[in-house]
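K.L.:
Sequence first, then the predicted structure:
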Amino acid sequence: MKNILDFTKELIVMHFHDGDTLVDFTMGNGHDTLFLHQHFPNAKITAFDIQEQALNNTKALLQEHNADFEKITLILDSHSNLDTYITTPIDGGIFNLGYLPSYNKQITTLAETTLVALKKALQLLKIGGLLIIVVYQGHKNGAIESNAVYQFCKNLDNRYYTVLQYHFMNKKAPPYILAIQKDKQ
Ligand code: SAM
């Protein structure tokens, strides 16, 4: 079976296309932004993080891989403010929740702002578009956030959205994936 990161990549490759408008809602060290850019070099990518460290790390990683910065916009702000920067429809995006690996574990995504961002992202999502959310429930804020995001997704109206959960059941508080596809406006 594919682990969480590999299945996330598979969802990205299966659902997104070159030339799409994509969002990395939690840029972190830039691995997801780079993955999106390498697989879809003509995609227009916007990436958010609240930490300058994340922006610097992402910029360095992208430079190391000769990324085309014409196609990528890095934004130092919360994904909950995404509508300030993105006003046209998006094809998809990824939330990789939690904290910046190897840095301050107290600075994490939080239920309240994640839900605001998810709601705004769903409004911008095109029909057929996909939002992928990787949820880490194994730390304190993560458990609260996981609960909130899970309930939000579970209650999305199935006339408009199809929601997938990919979850290894026999492990204690494992990370898991939620993916929301918009079927109808
Ligand atoms: N996608 C990243 C990668 O490929 O390296 C990993 C993301 S990391 C698990 C989570 C990131 O979310 C952290 O860098 C953290 O600073 C960021 N974050 C926390 N709250 C945020 C918010 N409100 N808006 C945007 N990013 C946020």
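P.N.:
Sure thing, it's come through. Predicted model only: the values in this text are computed from it and were never measured. Residues are numbered from 1 along each chain as shown.

K.L.:
For this structure, which helix or strand comes out least confident on mean pLDDT?
P.N.:
helix 140-154 (a mean of 96; mean pLDDT, DSSP states H and E).

K.L.:
Pull the number of nearby residues for Met169.
P.N.:
Counted by other Cβ atoms under 10 Å, the residues lying close to Met169 total 6. For the C-beta atoms, the positions are set from N, CA and C on the backbone; glycine is no exception.

K.L.:
meant to ask about Ile133
P.N.:
27.

K.L.:
How about the secondary structure of Asp91?
P.N.:
Three-state call for Asp91 (DSSP: H, G, I helix; E, B strand; the rest coil): strand.

K.L.:
ok, it touching Phe16?
P.N.:
Yes: taking Cβ atoms under 8 Å as the definition, Asp91 is a contact partner of Phe16 at 6.4 Å.

K.L.:
Now list whatever residues contact both of the two.
P.N.:
Residues touching both Asp91 and Phe16 by Cβ atoms under 8 Å, 6 or more residues apart in numbering: Leu22, Leu130.

K.L.:
and Thr108, backbone torsions?
P.N.:
Dihedral pair for Thr108: phi -130, psi 170, per degrees, to the nearest 10.

K.L.:
Tell me who's in contact with it.
P.N.:
Going by Cβ under 8 Å, 6+ apart, the list of residues near Thr108 reads Leu97, Gly98, Tyr99, His139, Asn141, Gly142, Glu145.

K.L.:
Report the contact partners of the residue of the chain found nearest the ligand.
P.N.:
Here the residue of the chain nearest the ligand is Gly28; by Cβ to the nearest ligand atom that distance is 2.5 Å. For Gly28, the contacting residues are Asp49, Ala54, Asn57, Thr58, Asn96, Leu100, Pro101, by Cβ under 8 Å, 6+ apart.

K.L.:
Now for these: which two are most distant?
P.N.:
Within those, Asn57 and Asn96 form the most distant pair, 13.7 Å apart (Cβ to Cβ).

K.L.:
Could you pull out the helices in the protein for me?
P.N.:
Under the criterion DSSP state H, the chain contains helices at 4-15, 31-39, 52-64, 82-85, 111-124, 140-154.

K.L.:
Many thanks, have a good one.
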